[in-house]
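Peer 1: Sequence first, then the predicted structure:
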Amino acid sequence: MIRIFLLLFLYAANTFSYVDKGETFEYLKSELILNHGFSEDYVVSTLNKAIKQDKIIQSISEPAEFTWTWDRYKDLFIEEKRIQNGKKFISENIGTLKKAETRFGVPKEIITSILGVETRYGKIMGSYRVLDALTTLSFDFPRRSKFFTNELINLFLLSRENNLEILSLKGSYAGAMGYGQFIPSSYRAYAIDFDNDGYVDLLNSVDDAIGSIANYLYIHGWNKDLPTIRRIDQKFLSNTQSINSVRNPLILAPNILHASDELENEDILDQSVLLLSYDERGKTNFFVGTANFIAITKYNRSHFYAKAVYDLSIELR
């Protein structure tokens, strides 16, 4: 009896299909076939090969950026091995990093730090099939189904435009790929050919990854003439209601900040900023994050992530 049950279970697992599964499937078919010219056979056969991954739902429901303490999160990324490998990466790629720094104004340490936080400089780029990740999240994660359905459409387009085998692409549980972990829409919008070989390749080209990260930050507001973050005493804050509200930058004005020697003559006055706080080793520290900090949060909408990138970049100097 147990053997029969096991066989039935395995059969059900192997025959699970997202095809004909409700409005999401119909929307995908409409977009990919009618608006983007894919054949119905290709769309259906590809989605038939997608495998639901329950572990992905668990991972995206409990991301470290929103469930860990700052001390634990910082200790993960600001550790000696990652720092030393980052310095080695800079040394080995100094020409390309300086080229990106000159063209986009993004410091080589920030570019390298993002690579270090995302994939340990290309060593860990994800083991999930991107098709599985995005299909699972599109169909089985209602809270962000619309977002991931759009990413699934972009995956089809990216694979066609860049001649990539859609079934072979590997990445994170959120469908991010390559050295810098670009989701499909970001890959299509911000990735650039930085090694001048006529092909944009974030999966194998370190040069393209470096240039694309710098381009992404530049397009999202990086300003080489601004600091990235400034520490400030809480006593100078007159508005603490918006602290750590990453999606709602504020204009740094008198109603938010009292006069402070720490920020006198700074270019960040009258600029969009984030008010930030971090509980570290039993003490709460307060900061002002500038347009550059905000640009990093566009890469990952977490002030923990952006601060870890910044802190690692300081260690890499």
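Peer 2: Now that the structure is in, tell me what you want to look at.
Peer 1: Disregarding residues adjacent in the polypeptide, which is nearest to Leu155?
Peer 2: Spatially, and ignoring its direct neighbours in sequence, Leu155 is nearest to Pro184 (4.4 Å; C-beta to C-beta, 6 or more residues apart in numbering). The C-beta positions use only the backbone N, C-alpha and C, and glycine is treated the same way.
Peer 1: what about the one you found, how many neighbours?
Peer 2: When neighbours are counted by other C-beta atoms under 10 Å, Pro184 registers 24.
Peer 1: That one: what's it in contact with?
Peer 2: Pro184 sits next to Val130, Leu134, Glu151, Leu152, Asn154, Leu155, Leu157, Leu158, Gly175, Met177 when contact means C-beta atoms under 8 Å, 6 or more residues apart in numbering.
Peer 1: Tabulate those (a markdown table), appending pLDDT.
Peer 2: What follows is the contacts of Pro184, written out as a markdown table (pLDDT from 0 to 100):
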| residue | pLDDT |
| --- | --- |
| Val130 | 98 |
| Leu134 | 98 |
| Glu151 | 98 |
| Leu152 | 98 |
| Asn154 | 98 |
| Leu155 | 98 |
| Leu157 | 98 |
| Leu158 | 98 |
| Gly175 | 97 |
| Met177 | 98 |
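Peer 1: neighbours of Arg103, just the number please.
Peer 2: The tally of other residues near Arg103 (other C-beta under 10 Å) stands at 14.
Peer 1: which residues are contacting the helix or strand hosting it?
Peer 2: For Arg103, the host element (DSSP states H and E) is helix 94-104. For helix 94-104, contacts defined as C-beta under 8 Å, 6+ apart pick out 90, 106-108, 111-112, 194-195, 206-207, 210-211, 213-215, 217-218, 222.
Peer 1: residue boundaries of the helices in the stretch 201-317 of the chain?
Peer 2: For the stretch 201-317 of the chain, the helices defined by DSSP state H, counting those that start in this stretch occupy 206-219, 291-299, 303-316.
Peer 1: Between those, which one is closest to Phe147.
Peer 2: Across those, Phe147 has its closest neighbour in helix 291-299 (14.6 Å, C-beta to C-beta).
Peer 1: Give the other helices and strands that the closest one contacts.
Peer 2: Here helix 291-299 touches helix 108-119, helix 206-219, strand 272-280, helix 303-316, going by 3 or more C-beta pairs under 8 Å, 6 or more residues apart in numbering; DSSP states H and E.
Peer 1: picking that back up, show me which of the helices of the stretch 201-317 of the chain has the highest average neighbour count.
Peer 2: helix 206-219 (a mean of 24; mean count of other C-beta atoms under 10 Å).
Peer 1: Now do it and helix 108-119, the angle between them.
Peer 2: 110 degrees (axes from the mean of the first three to the mean of the last three C-alpha atoms, to 10 degrees).
Peer 1: Now helix 206-219: average pLDDT?
Peer 2: For helix 206-219, mean pLDDT is 98.
Peer 1: got it, and stretch 286-297?
Peer 2: pLDDT averaged over stretch 286-297 gives 94.
Peer 1: where along the stretch 51-200 of the chain do the helices fall?
Peer 2: Going by DSSP H, counting those that start in this stretch, the stretch 51-200 of the chain shows helices at 54-61, 64-67, 70-77, 80-92, 94-104, 108-119, 130-140, 145-161, 184-190.
Peer 1: Of all the ones you listed, which one comes closest to Phe293?
Peer 2: That would be helix 108-119 among the helices of the stretch 51-200 of the chain, by C-beta to C-beta, at 10.5 Å.
Peer 1: between the closest one and helix 80-92, how big is the angle?
Peer 2: Here helix 108-119 runs at an angle of 130 degrees relative to helix 80-92 (the same axes, to 10 degrees).
Peer 1: Show the average pLDDT along helix 108-119.
Peer 2: pLDDT averaged over helix 108-119 gives 98.
Peer 1: Give me the contacts around it.
Peer 2: Helix 108-119 has contacts (C-beta under 8 Å, 6+ apart) with 77, 82, 85-86, 89-90, 94, 97-98, 100-101, 121-122, 125-126, 176, 178-181, 209-210, 213-214, 217, 228, 296, 299, 305, 308-310, 312-314, 316-317.
Peer 1: hmm, back to that, any chance of a markdown table for the helices and strands packed on helix 291-299, columns distance to Gln53?
Peer 2: Below are the helices and strands packed on helix 291-299 laid out as a markdown table (distance: least, C-beta to C-beta, whole Å):
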| stretch | distance to Gln53 |
| --- | --- |
| helix 108-119 | 20 |
| helix 206-219 | 26 |
| strand 272-280 | 33 |
| helix 303-316 | 23 |
